[in-house]
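Visitor: Got a predicted structure here, sequence first:
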Amino acid sequence: MLKRLREANLAREAERDPKAVASLLYRAVELGGEAGECLNVVKKLERERLGIAGIDLEAALVRKFNTSSEKLGAKTRM
C-alpha cells in the first residue's frame, strides 16, 4: 500500500509541477500542512486503540489522496 501511495504521489507531483519550480517556502508550508494531516490520522488511530471509534486506514488514505488530486486538478488517482 505505501509503495503504491509513493508511486502515485510522485506521479501526481510531476503532473502538478513538471518544471519543479515550487520554492523552498512553498514546500515548507506544504510540509506543515501534510504534518497536520498526519497528526489527524494518528489521532484517529489512537481513538481506535482506545475503543472510541473505528477507521479503515487504507480506505481513508485512498479517499484522502483522491480528494486531494481532485482539488489540485490532477488526474492521478489511487
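Guide: Cool, the structure landed.
Visitor: And the next helix or strand past the helix ranked longest in the chain?
Guide: For the chain, the helix reaching the highest residue count under DSSP state H is reported as helix 24-49. Once the chain leaves helix 24-49, the next helix or strand it forms, by DSSP states H and E, is helix 57-72.
Visitor: elements contacting that following helix?
Guide: With contacts defined as 3 or more C-beta pairs under 8 Å, 6 or more residues apart in numbering; DSSP states H and E, the packing partners of helix 57-72 are helix 2-16, helix 24-49. Any C-beta I mention is one placed from the backbone N, CA and C, and that applies to glycine too.
Visitor: deepest of the ones you listed, which one?
Guide: Neighbour counts (mean count of other C-beta atoms under 10 Å) averaged over each of the helices and strands packed on helix 57-72 peak at helix 2-16, with a mean of 13.
Visitor: That helix relative to helix 57-72, how many degrees between them?
Guide: Using axes from the mean of the first three to the mean of the last three C-alpha atoms, to 10 degrees, the inter-axis angle of helix 2-16 relative to helix 57-72 is 0 degrees.
Visitor: List the neighbours of helix 2-16 that are in contact with it.
Guide: Here helix 2-16 makes contact (C-beta atoms under 8 Å, 6 or more residues apart in numbering) with 61, 65, 69, 72, 74-78.
Visitor: Just the CA trace of that helix, in CSV.
Guide: C-alpha atoms of helix 2-16 as CSV (Å, rounded to 0.1, in the frame of the first residue of the first chain):
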residue,chain,number,x,y,z
LEU,A,2,2.7,2.5,0.9
LYS,A,3,4.7,1.7,-2.2
ARG,A,4,1.6,2.4,-4.3
LEU,A,5,1.0,5.7,-2.4
ARG,A,6,4.6,6.7,-3.0
GLU,A,7,4.4,6.0,-6.7
ALA,A,8,1.0,7.8,-7.1
ASN,A,9,2.4,10.8,-5.1
LEU,A,10,5.5,11.1,-7.4
ALA,A,11,3.3,10.8,-10.5
ARG,A,12,0.9,13.5,-9.2
GLU,A,13,3.8,15.8,-8.2
ALA,A,14,5.3,15.5,-11.7
GLU,A,15,1.8,16.4,-13.1
ARG,A,16,1.4,19.4,-10.7
